[in-house]
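# Fold the following and give me the result.
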Amino acid sequence: MRAGEKLPPLEIPITRTLIVAGAIASRDYQDVHHDAELARQKGSPDIFMNILTTNGLVGRYITDHFGPTAELRKVAIRLGAPNYPGDTMVLTGTVEKVVEQADGDTATVRVVGANAIGSHVTGTVTVTVPAEGPGGAG
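Next up is the predicted model:
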């Protein structure tokens, strides 16, 4: 990994099932994440994804790229445009900096998740990839 490296984009179809399952899995029972009629009564055109599901998808994006030994050290995200059913979120990332250490490298990755409305999520993830060999991942 090196500063300036671009991660390949990851397209995530935003389905009702993904939104509701993410809310249930994270114990977020707010009606705007599972009941379309109540969401509309509250001013939203439909149900929308919660931040905990988004956080999990950002983590998945990073570990899918850096591998199963990657350790998420810090995830700092901010939500923007909602993820509604029927849309697609495309996650992209750029390595901003890398700190090399004997036991592995730590990178800061800028992440953006965009949908048809705009940026759903922006932020940074700090990830450590252990060194291979004795005492490392290999």
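# so who does the residue nearest in space to the middle of the chain touch?
Central residue of the chain (CA atoms, centre = their mean): Val58, 1.3 Å from the mean position. Counting by CB atoms under 8 Å, 6 or more residues apart in numbering, Val58 touches Val75, Ile77, Leu91, Val111, Gly113, Val121, Gly123, Val125. Where C-beta positions appear, they are placed from N, C-alpha and C, glycine not excepted.
# Out of those residues, which comes closest to Leu38?
Val121 (24.0 Å; CB to CB).
# next structured bit after the longest strand anywhere in the chain?
Ordering each strand of the chain by length in residues (DSSP state E) puts strand 88-101 first. Next helix or strand after strand 88-101 toward the C-terminus (DSSP states H and E): strand 104-114.
# what's the angle between the helix or strand where Ala23 lies and strand 88-101?
Under the criterion of DSSP H and E, Ala23 resides in helix 16-25. With axes from the mean of the first three to the mean of the last three CA atoms, to 10 degrees defining the directions, helix 16-25 sits at 50 degrees from strand 88-101.
# which residues touch helix 16-25?
So helix 16-25 is contacted by 12, 28-30, 33-34, 47-50, 52-53, 56, 83, 85 (CB under 8 Å, 6+ apart).
# about what we covered before: mind listing what's buried along the longest strand of the chain?
Neighbour counts over strand 88-101 (16 or more other CB atoms under 10 Å) mark Met89, Leu91, Gly93, Val95, Val98 as buried.
# Spell out which strands sit alongside it in the sheet and which way each one runs.
Strand pairing for strand 88-101, using DSSP bridges, gives strand 6-13 (antiparallel), strand 104-114 (antiparallel).
# for the last one, what is the average pLDDT?
Just to be clear, that refers to strand 104-114. Here strand 104-114 scores 97 as its mean pLDDT.
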